[in-house]
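Have a look; sequence and predicted model below, questions after that.
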Amino acid sequence: MRNALLGACLIAAVSTVGDFVWAGLHLRHRVPYGLAHGALLFLCIGAYFGSLEKQTLKGAIYGAAIGLAAAGSFYVLAPVAGYSVMFFIWAFVWIALAVLVHRILPAPIAPAPIARTAPIAPIALVIRGLFAMVGSGLGFYLISGIWRPFDPHGWDYAVHFLSWSVAYLPGFLALTVKRS
C-alpha cells in the first residue's frame, strides 16, 4: 500500500506542476505541447513503477511510449469525438500501465521485497488493469472540474495536488498492492 500512496502522491505532484506550467505559460492545446506533456508525465509514471524493481530506465521508456500514444490518440480522436474522449483515453491508459507493471514487476503478489516468481496470470493482469481503469477513470472524472473556471492565477494548486492524488490512487492501488 505504501508504494501505491507514494506513487500517487509523486505523480500528483508531477501533474500539478504540469497544470502550473500549462497555465503559467498560457500554453494552448497544440499537438507538440500535448505530446510532450503526455510523454513526460507517463515517463515519470513508468520510471516510478520501474524504480520499484530497480528498472527505472526501462519503466521510463515504456511509460513515455504509453504517454505519447495516449496523447496522440487524444489529438486524433478529439476533433471527431470532442474533448470528452480524454476520459476514455485516461481509462484505457491504465490497461497499458498494467502491462507495463506486468513486464517490469512480474510478481506484485509476492511478499516484499518483490521476489522474482512466476509472472501474473493473464487473467489477473486484465483484472488489475480493469480495476485501475475503472477506479482511476472515475477518479479523473470526479476531479475534472479543477480547471474550471479557467483562472490560473486564482487556482489553489494544493487542491490540484489533492485532486490528482485522488485520481491516481485507485490505479496505483490496483497495480501495486499485493494479493492476500
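Okay, I see it.

For Gly34, give its distance to Ile89.
Distance of Gly34 to Ile89, computed by CB to CB, to the nearest Å: 11 Å. Glycine gets a C-beta too; all of them are placed from N, C-alpha and C.

Quick one: the helices in this protein, in order.
2-24, 31-51, 56-81, 85-104, 122-143, 157-176 (DSSP state H).

Now do the buried residues in the last one.
Using 16 or more other CB atoms under 10 Å as the burial criterion, the residues of helix 157-176 that qualify are 160-176.

helices or strands up against it?
helix 2-24, helix 85-104, helix 122-143 (3 or more CB pairs under 8 Å, 6 or more residues apart in numbering; DSSP states H and E).

can you check the second one too?
Counting contacts by 3+ CB pairs under 8 Å, 6+ apart, the secondary-structure elements packed against helix 31-51 are helix 2-24, helix 56-81, helix 85-104.

quick one: average confidence on the first one?
Rounded to a whole number, the mean pLDDT of helix 2-24 is 91.

Number the residues from 33 up from this point.
With the count now opening at 33, the last piece we talked about shows up as helix 34-56.

With just CA atoms, put that helix into PDB.
Extracted in PDB, the C-alpha atoms of helix 34-56 (Å, rounded to 0.1, in the frame of the first residue of the first chain):
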ATOM      1  CA  ARG A  34       2.900   2.300   0.700                       C
ATOM      2  CA  ASN A  35       4.100   2.100  -2.900                       C
ATOM      3  CA  ALA A  36       0.600   3.000  -4.200                       C
ATOM      4  CA  LEU A  37       0.300   6.000  -1.900                       C
ATOM      5  CA  LEU A  38       3.900   7.200  -2.600                       C
ATOM      6  CA  GLY A  39       3.400   6.700  -6.300                       C
ATOM      7  CA  ALA A  40       0.000   8.500  -6.400                       C
ATOM      8  CA  CYS A  41       1.400  11.500  -4.500                       C
ATOM      9  CA  LEU A  42       4.600  11.700  -6.500                       C
ATOM     10  CA  ILE A  43       2.700  11.600  -9.800                       C
ATOM     11  CA  ALA A  44       0.100  14.000  -8.400                       C
ATOM     12  CA  ALA A  45       2.900  16.400  -7.800                       C
ATOM     13  CA  VAL A  46       4.100  16.000 -11.400                       C
ATOM     14  CA  SER A  47       0.600  16.600 -12.700                       C
ATOM     15  CA  THR A  48       0.200  19.700 -10.500                       C
ATOM     16  CA  VAL A  49       3.500  21.100 -11.900                       C
ATOM     17  CA  GLY A  50       2.100  20.300 -15.400                       C
ATOM     18  CA  ASP A  51      -1.100  22.300 -14.600                       C
ATOM     19  CA  PHE A  52       1.100  25.100 -13.400                       C
ATOM     20  CA  VAL A  53       3.300  25.100 -16.500                       C
ATOM     21  CA  TRP A  54       0.300  24.900 -18.900                       C
ATOM     22  CA  ALA A  55      -1.500  27.800 -17.100                       C
ATOM     23  CA  GLY A  56       1.600  29.900 -16.200                       C
END
